[in-house]
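J.: any chance you can model this:
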Amino acid sequence: MGTPAMSRLLGQIREVYGDPIFVRSSRRLIPTPFAESMRQRIRALAAEAEALLRRDDASPMRVAIDPMDMPGSPVIEAAPLTTRPSILLEGEPLPEAFALKLATLGKAEDSRKRLAKHIATIAAGIGHSRPLTMSEAQDAFSIILDGKADPVQVGALLSVMHFRGETAAELAGFARAARAHIDIMKPEIAIDLDWPAYISPKSRRMPWFLQAALLLAQSGHRILLHGNDGSANTRGTLVSAARAIGIPVCASPAAAFDAIADVGIVYIPIAALSSQIHRLLSLYSVLETRSPIHSLMPLVNPFGAPASVMGVVRPAYRDLHRDAGSILGCRNMTILGASRDAAEATPFRSSTLLRLVDGLAEDLLVPAQPEPKAYALAGMTSLEYWHGVWEGTIRDERAVAIITHTVAVALLTMSKTAESFEEHLRRAQELWTTRRRSSARGRRNGIGS
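T.: You can find the predicted model right below:
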């Protein structure tokens, strides 16, 4: 069947059943729970159709025996070819047995058995597994966050889900569980923009987005930066850079609220919000691969900001995060195709911003601008160089373009007007020109002289 015919057929099926039939995961399209529930019934119908076309009264073909044949009997009678009915094409056990197993596990009050049910749901194999619903994913991750899961279960759930590919509903369920676990009291001062900054442990880039966030705070917006410094070469990078330009680094939500009220911006490590989530992120050093926890973190929005900007490296995950944000009820969100796991613009190549604007999905193409020549200076990746760009003692047009384009994206995300990206970019460039520098503060933190 050709692609157009299949698309038409799927459209008819969706209209009849009122179900999308397939949902997008990070890797491919996978069947919805409804589609999985229909799979075995359809196989049963197919088996019955085959039986109707089979002639049950057909007799074996008679073959004349040549009188010259030598009489005798074979040493071993060949057994008939073993086959399976079409209803079992995808393996054992029977659907009824699998459903009974899940039902039995579902009645268990023990949290480990409940989590085992969720693992069995996604890991029982082709034809016998399906993605978790949002409520199932929320329950599974809540058990892990509450410390009631067996260590083997944690690894099994995260590994299987990552290998198969997370769905938007699963990420949304994880995000709800994380928010309930962190349980931040609603602050008296509202946060304007949530800015997740969970950089890769292998990142070698300077965090220009921190300077963009500070520009926004200086213009009157309240910015929450939350993240994880990773490990190895990136340990302490964000903390050092934030302190160098005067962004407060806080170790508790209460201190973060005070800092936002005072200067309009704060960076808080995830360990200060949840040691359990921090330890789950630290599994990267054990597994040497990402897990659904890394996909989750941009969606946590712990202080409930009405707008959020995030950087998502893998293209397949950008639509996934927007879909998850929509399920969570996010009104204003922008996802950048970044080269790091933080919202930082890439102005020297054209990019598409995936957005939620008042809850509606929208794509915006931002054209590339000419890239300035790189400066042949030593130490361009040092903290002193990074701080010098903010202070104006070092001129780097390329870095300034990254900072101002990032500010423009954030302004666009928070905007309640119909201003274009170019108008926000001009505003960002003005903010850079009139920024308040922090030489004294930087010297107090041991940066510059």
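
J.: who are the packing partners of the host helix or strand of residue 355?
T.: Assigned by DSSP states H and E, residue 355 falls within strand 351-357. Counting contacts by 3 or more CB pairs under 8 Å, 6 or more residues apart in numbering; DSSP states H and E, strand 351-357 is packed against helix 315-327, strand 332-336, strand 360-366, helix 397-414. Placement of C-beta: from N, CA and C, glycine included.

J.: rerun at 10 Å
T.: Contact analysis of strand 351-357 by 3 or more CB pairs under 10 Å, 6 or more residues apart in numbering; DSSP states H and E lists strand 307-311, helix 315-327, strand 332-336, strand 360-366, helix 397-414 as its packing neighbours.

J.: so where is the chain shaky, pLDDT-wise?
T.: 26-27, 40, 44, 55-109, 186-188, 201-202, 230-235, 339-340, 374-381, 438-449 (pLDDT under 70).

J.: and the strands in it?
T.: Listed in chain order, the strands of the chain (DSSP state E) span 22-24, 29-31, 193-198, 223-228, 265-269, 307-311, 332-336, 351-357, 360-366.

J.: just name the most buried of those.
T.: Mean neighbour count (mean count of other CB atoms under 10 Å) peaks for strand 307-311 among the strands of the chain, with a mean of 27.

J.: C-alpha coordinates for that one, CSV please?
T.: Listed next in CSV are the C-alpha coordinates belonging to strand 307-311 (Å, rounded to 0.1, in the frame of the first residue of the first chain):
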residue,chain,number,x,y,z
ALA,A,307,6.6,31.4,30.1
SER,A,308,9.6,29.2,29.5
VAL,A,309,12.5,29.0,27.1
MET,A,310,14.5,25.8,26.6
GLY,A,311,17.2,24.5,24.4
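
J.: and that strand, what does it pack onto?
T.: Other helices and strands packing on strand 307-311, by 3+ CB pairs under 10 Å, 6+ apart, are strand 193-198, helix 208-218, helix 315-327, strand 332-336, strand 351-357, helix 397-414.

J.: what is the orientation angle of the second one with helix 397-414?
T.: For helix 208-218 against helix 397-414, the angle by axes from the mean of the first three to the mean of the last three CA atoms, to 10 degrees is 50 degrees.

J.: how about TSV for the helices and strands packed on strand 307-311, with distance to residue 388 added?
T.: Converted to TSV, those look like this (distance: least, CB to CB, whole Å):
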stretch	distance to residue 388
strand 193-198	22
helix 208-218	12
helix 315-327	33
strand 332-336	26
strand 351-357	28
helix 397-414	10
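
J.: what sits against residue 313?
T.: The contact partners of residue 313, by CB atoms under 10 Å, 6 or more residues apart in numbering, come to 200, 290, 294, 336-342.

J.: and it, how far from residue 292?
T.: As judged by CB to CB, to the nearest Å, residue 313 and residue 292 stand 15 Å apart.

J.: again with residue 408
T.: Separation of residue 408 from residue 292 (CB to CB): 31 Å.

J.: give the burial count for residue 220, as a bare number.
T.: Residue 220: 8 surrounding residues under other CB atoms under 10 Å.

J.: correction: the previous question concerned residue 386.
T.: Neighbourhood size, residue 386 [other CB under 10 Å]: 25.

J.: make residue 1 into 6 and carry on from there
T.: Done: numbering now begins at 6, and the last item shifts to residue 391.

J.: list the contacts of it.
T.: Residue 391 is in contact with 211-213, 215-216, 242, 245-246, 249-250, 384-385, 399, 401, 404, 452, counting by CB under 10 Å, 6+ apart.

J.: what would the helices and strands packed on strand 356-362 look like in TSV with distance to residue 8?
T.: What follows is these, written out as TSV (distance: least, CB to CB, whole Å):
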stretch	distance to residue 8
strand 312-316	33
helix 320-332	20
strand 337-341	28
strand 365-371	23
helix 402-419	35
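
J.: these: which one's closest to residue 167?
T.: helix 320-332 (11.5 Å; CB to CB).

J.: buried residues, the closest one. List them.
T.: By neighbour count on 16 or more other CB atoms under 10 Å, the buried set for helix 320-332 is 322-332.

J.: check stretch 300-312 too.
T.: Within stretch 300-312, the residues scored as buried using 16+ other CB under 10 Å are 300-308, 310-312.

J.: want to throw these into TSV with distance to residue 425?
T.: Converted to TSV, the buried residues of stretch 300-312 look like this (distance: CB to CB, whole Å):
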residue	distance to residue 425
300	31
301	33
302	31
303	26
304	28
305	31
306	26
307	32
308	29
310	24
311	21
312	18
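
J.: residue 263: which of those is nearest?
T.: Ranked by distance to residue 263 (CB to CB), the buried residues of stretch 300-312 are led by residue 308 at 13.2 Å.

J.: correct me, but the closest one touches residue 227?
T.: Yes: using CB atoms under 10 Å, residue 308 is in contact with residue 227, at 9.5 Å.

J.: spit out the residues that contact these two alike.
T.: The contact sets of residue 308 and residue 227 overlap at 192, 194-196, 265, 271 (CB under 10 Å, 6+ apart).

J.: quick check: the two most widely separated of those?
T.: That would be 195 and 271, which, of the shared contacts of residue 308 and residue 227, are the farthest apart (CB to CB) at 13.9 Å.

J.: the helices in the stretch 106-255 of the chain, which residues?
T.: 116-128, 139-150, 156-169, 173-187, 213-223, 242-249 (DSSP state H, counting those that start in this stretch).

J.: so which of these is the most packed in?
T.: Using mean count of other CB under 10 Å, helix 213-223 ranks as the most buried of the helices of the stretch 106-255 of the chain, with a mean of 25.

J.: what's the angle from that one to helix 242-249?
T.: Here helix 213-223 runs at an angle of 40 degrees relative to helix 242-249 (the same axes, to 10 degrees).

J.: gap between helix 213-223 and the chain center?
T.: Computed by CA atoms, centre = their mean, to the nearest Å, the chain-centroid distance of helix 213-223 equals 24 Å.

J.: ok, back up a step: now a ChimeraX select for only the buried ones of the contacts of residue 318.
T.: Restricted to buried positions by 16+ other CB under 10 Å, the ChimeraX selection for the contacts of residue 318 reads:
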select :205,295,299,341,342,343,345,346,347
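
J.: which pair in the contacts of residue 318 spans the largest distance?
T.: Maximum pairwise distance among those (CB to CB): 18.2 Å, between 295 and 341.

J.: okay, now the domains of this structure?
T.: Here the domain parsing of the chain from automatic domain parsing is 26-51+97-170, 198-449.

J.: what is the end-to-end distance of stretch 123-134?
T.: 10 Å (CA to CA, to the nearest Å).

J.: if we can go back for a sec, next, format the helices of the stretch 106-255 of the chain as JSON lines and append distance to residue 259.
T.: Shown next, in JSON lines, are the helices of the stretch 106-255 of the chain (distance: least, CB to CB, whole Å):
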{"stretch": "helix 116-128", "distance to residue 259": "30"}
{"stretch": "helix 139-150", "distance to residue 259": "21"}
{"stretch": "helix 156-169", "distance to residue 259": "30"}
{"stretch": "helix 173-187", "distance to residue 259": "13"}
{"stretch": "helix 213-223", "distance to residue 259": "19"}
{"stretch": "helix 242-249", "distance to residue 259": "19"}
